[in-house]
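Colleague: Build me a model:
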Amino acid sequence: MTEKEKLLHMLLEDEEIKRYKRIEEHINSNKELKEKFNELKAVQKQLVNAKHIGKTEAVQALETKYNTIYEAIENYPLMSDYMALQSDINEMIQHVVAIIEDGLDEDFKK
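Modeller: You can find the predicted model right below:
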């Protein structure tokens, strides 16, 4: 088994990742929640664009809209777990990436 396969196996067998995937499947099967996520993503894109071109009033309005949608999503059952797990998994992945980068840096220094 290669190191890559070992890493993938470790990640796929992680209990947090398994729980995250189960919750994600449940969320994806909820049409109303999926629409809210899509709406949130659309507002997020608009917000990034408004910030990029310096439209301050639009940024404020879009931030308010984003926060309202985000709060509505948070109120769904399991969403706080989902978001907490997502944050934990992102941290884990960043840690793995840092380990890989450090290993590569050391290999190139040799």
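Colleague: Find out how far stretch 82-98 is from the centre of the chain, if you would.
Modeller: 8 Å (Cα atoms, centre = their mean, to the nearest Å).
Colleague: in that stretch, what's buried?
Modeller: Of the residues in stretch 82-98, those with enough neighbours to count as buried (16 or more other Cβ atoms under 10 Å) are 82, 85, 89. (C-beta placed from N, C-alpha, C; glycine too.)
Colleague: which residue is nearest the centroid of the protein?
Modeller: Most central in the chain under Cα atoms, centre = their mean is residue 86, positioned 5.5 Å from the mean C-alpha point.
Colleague: how about the nearest residue to that residue, chain neighbours excluded?
Modeller: Among residues not flanking residue 86 along the chain, residue 20 sits closest, at 6.7 Å (Cβ to Cβ, 6 or more residues apart in numbering).
Colleague: List the residues that contact the one you found.
Modeller: For residue 20, the set of contacting residues under the criterion of Cβ atoms under 8 Å, 6 or more residues apart in numbering consists of 82, 85, 86, 89.
Colleague: and the third one, how far is that from residue 19?
Modeller: In this case it means residue 86. With distances taken as Cβ to Cβ, to the nearest Å, residue 86 is found 11 Å from residue 19.
Colleague: quick one: the helices in the protein?
Modeller: 3-13, 15-28, 31-53, 56-74, 79-109 (DSSP state H).
Colleague: buried set for stretch 66-86?
Modeller: By neighbour count on 16+ other Cβ under 10 Å, the buried set for stretch 66-86 is 66, 69, 70, 73, 78, 79, 82, 85.
Colleague: do stretch 19-35 as well
Modeller: With burial defined by 16+ other Cβ under 10 Å, the residues of stretch 19-35 counted as buried are 20, 23, 27, 33.
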